[in-house]
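K.L.:
Sequence and predicted structure, then a few things I'm wondering about:
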Amino acid sequence: MVKFSDLNISETTLKSVRRMGFEEATPIQEGTIRLGMEGKDIIGQAQTGTGKTTAFGIPLVEKIDTKDGNVQGLVIAPTRELAIQVSEELYRLGKDKNVRILSVYGGQEIGRQIRALKNRPQIIVGTPGRLIDHINRRTLKLDNVNTLVLDEADEMLNMGFIEDIQKIMSSVPETRQTLLFSATMPDAIRRIAEKFMKTPEVVKIKSKEMTVENIEQFYVKSVEREKFDILSRLLNVQQPELAIIFGRTKRRVDELAKALNIRGYLAEGIHGDLSQAKRMSVLKQFKAGKIDILVATDVAARGLDISDVSHVYNFDIPQDPESYVHRIGRTGRAGRKGVAVTFVTPREMGYLSIVERTTKKKMEALIPPTADEAVLGQKRVAMEQLVEMTEKNNLGDYRAFATEMLEKFDAVDLVAAALKTMTKEPEDTPVQISEERPLPSRGGGYKGKGGRSGGGGYKGNRSSGHPSSGRSSSGASRRREGGSGGGRPGRTRRHES
Ligand SMILES: Nc1ncnc2c1ncn2[C@@H]1O[C@H](COP(=O)(O)OP(=O)(O)OP(=O)(O)O)[C@@H](O)[C@H]1O
Ligand SMILES: [Mg+2]
């Protein structure tokens, strides 16, 4: 365990790091911060939620000359949400040094961005498209950039941003330092990346498995048309604090969000076709716990760091093992616990083994809860809510009514009636989920396609020493209706972006 104070970081930046509540560096931070500050090019690979942002953030912030008003650092991220999240973390890291950070992304009014760019930001965090736009308009000058960071590099290259990235890179002086980070780095992508870099140091945090060990991983075998009912029951039994449900397509996400709402869950969808304002507001509500379930496509959730996400459901098994890793990595972050459940149709069982082979981790078969078990889950929620309310003990004049009722009725009967009113009986309101065609069936003989198998080389020791932090997870999946006060028992929040 290395402390940040042992990493030769300036006092000013250390102060910011401490304010963020970090004391000990995670393995990827330990492995890259010093090298980064020495000016080396780095390919950094470590499991999801293990602090890669700070791993590149500290060297980046440390290098900024605050007397110089030019853009000196450039971070490229695949999505708007991620660009915002990264810029917020860099802002916190550079707070005591007074580093000026700006994020630029599509969907935001360009005029406003152009004005903001005139305030002499020193670090820009942007999405490829919008960066190109500013380069073409000559509203962004990159001649003085000495550090370039690609966060989620493999995703950007997958998304077909390779030409954009190349163009951005050619607008940055060749003498720059290049840092590239992701939890997954298929060989083909790494080879492309290395072309952009000068004898990069590859820092890969060796671990037995590709996914963090604090995520419990399950699969449910189910035919397509039964998936949704099983999902509802699972939500009732598992009672996630916050959950993300992944669907394969945008239509799927829309339909799932709608269906969940019909069944009474607080759910919203997020995907690339929604307006920027809508995406931001959904994410904000989710972080604030005003929505319990975020339904998302792969891309929309890459890299997102929302600490209270306790469960991830893959309503559709992802096609690529890498997607699986990133999806389930939305939970179990910074040492917390998480649960991931993946639905697999009988014809897709081949994909399950491909995923397991890549992650080097077997998923446990989950027997879907019966309708009765789901009701039992709901009863338990009601009970927890009642207990919590009793313990809070600010019942005011309800106590007078209670005394009056207790004179006439049996105490057990009364509590039972209260529980019954609060329990949500299973919904059988019909919902519309279009059948999604299963992935083409695939036997065991997967040979990898064009380097996307990503299998090789995840050997070695399990990484230890994730930052740990206490969290209580006795949350309940609230329903929109129902007589609960909406309070989730034992909910603890860490501050986050
Ligand atoms: N040294 C540390 N001690 C405690 N918490 C930390 C430390 N470093 C980072 N964190 C926290 O860990 C969480 C995950 O960090 P981050 O988002 O950088 O992960 P990541 O490795 O980039 O994951 P992903 O692969 O999903 O993008 C964040 O909430 C961050 O604040
Ligand atoms: Mg990240």
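P.N.:
Good, I have the coordinates. Ligands and ions are numbered 1, 2, ... in the order given.

K.L.:
contacting residues around the residue in the chain that ligand 2 sits nearest to?
P.N.:
Proximity to ligand 2, evaluated over the chain using Cβ to the ion, is greatest for residue 303 at 4.1 Å. To be clear about C-beta, it is placed using only N, CA and C from the backbone, and glycine gets the same treatment. Counting by Cβ atoms under 8 Å, 6 or more residues apart in numbering, residue 303 touches 77-79, 82, 85-86, 151-152, 326.

K.L.:
got it, and residue 333?
P.N.:
Residue 333 is in contact with 48-49, 305, 307, 309, counting by Cβ under 8 Å, 6+ apart.

K.L.:
Make CSV from those and add pLDDT and secondary structure to it.
P.N.:
Rendered in CSV, the data for those read as follows (pLDDT from 0 to 100; DSSP: H, G, I helix; E, B strand; the rest coil):
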residue, pLDDT, secondary structure
48, 96, coil
49, 96, coil
305, 96, coil
307, 91, coil
309, 97, strand
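
K.L.:
okay, among the residues you listed, which ones form the most distant pair?
P.N.:
The span of the contacts of residue 333, defined through Cβ to Cβ, is set by 48 and 307 at 13.0 Å.

K.L.:
now the contacts of residue 333: which count as buried?
P.N.:
Buried residues within those, counting neighbours by 16 or more other Cβ atoms under 10 Å: 48-49, 305, 307, 309.

K.L.:
coming back round to it: among the contacts of residue 303, which are in helices?
P.N.:
Of those, the ones assigned to helices by DSSP state H are 82, 85-86, 326.

K.L.:
Would you point out the most distant pair within these?
P.N.:
When the ones in helices among the contacts of residue 303 are compared pair by pair using Cβ to Cβ, the maximum separation belongs to 86 and 326, at 15.4 Å.

K.L.:
Just give me the longest helix of the chain.
P.N.:
Ranked by residue count under DSSP H, the longest helix found in the chain is helix 371-392.

K.L.:
What are the buried residues along that one?
P.N.:
Going through helix 371-392 with 16+ other Cβ under 10 Å, the ones that come out buried are 374-375, 377-385, 388-389.

K.L.:
can you check stretch 225-239 too?
P.N.:
Under 16+ other Cβ under 10 Å, the buried positions of stretch 225-239 are 227-239.

K.L.:
so how far is it from its chain's centroid?
P.N.:
When C-alpha coordinates are averaged (Cα atoms, centre = their mean, to the nearest Å), stretch 225-239 and its chain have centres 22 Å apart.

K.L.:
how much space between residue 421 and residue 415?
P.N.:
According to Cβ to Cβ, to the nearest Å, residue 421 stands 11 Å off from residue 415.

K.L.:
nope, residue 333 is what I was after
P.N.:
38 Å.

K.L.:
was I right about residue 41 contacting residue 179?
P.N.:
Yes: counting by Cβ atoms under 8 Å, residue 41 touches residue 179, with 7.1 Å between them.

K.L.:
what's the average pLDDT for the helix or strand containing residue 59?
P.N.:
Assigning secondary structure by DSSP states H and E places residue 59 in helix 52-63. Rounded to a whole number, the mean pLDDT of helix 52-63 is 98.

K.L.:
Around ligand 2, which positions in the stretch 1-150 of the chain sit nearby?
P.N.:
residue 52 (Cβ under 5 Å from the ion).

K.L.:
Return the residues in contact with the residue nearest to residue 230 when sequence neighbours are not counted.
P.N.:
For residue 230, ignoring the flanking residues on the chain, the nearest one in space by Cβ to Cβ, 6 or more residues apart in numbering is residue 368 at 4.4 Å. Contacts for residue 368 (Cβ under 8 Å, 6+ apart) come out as 220, 222, 230, 233-234.

K.L.:
These in strands, which ones?
P.N.:
Helix and strand membership here follows DSSP state E; of those, those in strands are residue 220.

K.L.:
Per-residue pLDDT of residue 115, please?
P.N.:
Residue 115 is assigned 96 on the pLDDT scale.

K.L.:
three-state assignment of it?
P.N.:
Classification of residue 115 using DSSP: H, G, I helix; E, B strand; the rest coil returns helix.

K.L.:
Enumerate every residue touching it.
P.N.:
Counting by Cβ under 8 Å, 6+ apart, residue 115 makes contact with nothing.

K.L.:
For the chain, which residues are neighbours of ligand 1?
P.N.:
With Cβ under 6 Å from any ligand atom as the criterion, the chain meets ligand 1 at residues 22, 24-26, 29, 48-54, 183, 303, 305, 307, 329, 333-334, 467.

K.L.:
Tell me the buried residues within the residues you listed.
P.N.:
Buried by 16+ other Cβ under 10 Å: 22, 24-26, 29, 48-54, 183, 303, 305, 307, 329, 333-334, 467, out of the residues of the chain next to ligand 1.

K.L.:
Could you say which helix or strand holds the residue lying closest to residue 318 once chain neighbours are set aside?
P.N.:
Ranked by Cβ to Cβ, 6+ apart and with sequence neighbours excluded, the top spatial neighbour of residue 318 is residue 324, at 4.9 Å. With elements taken from DSSP H and E, the one containing residue 324 is helix 321-328.

K.L.:
ok, then the element right after that helix?
P.N.:
Using DSSP H and E, the next helix or strand after helix 321-328 towards the C-terminus is strand 338-344.
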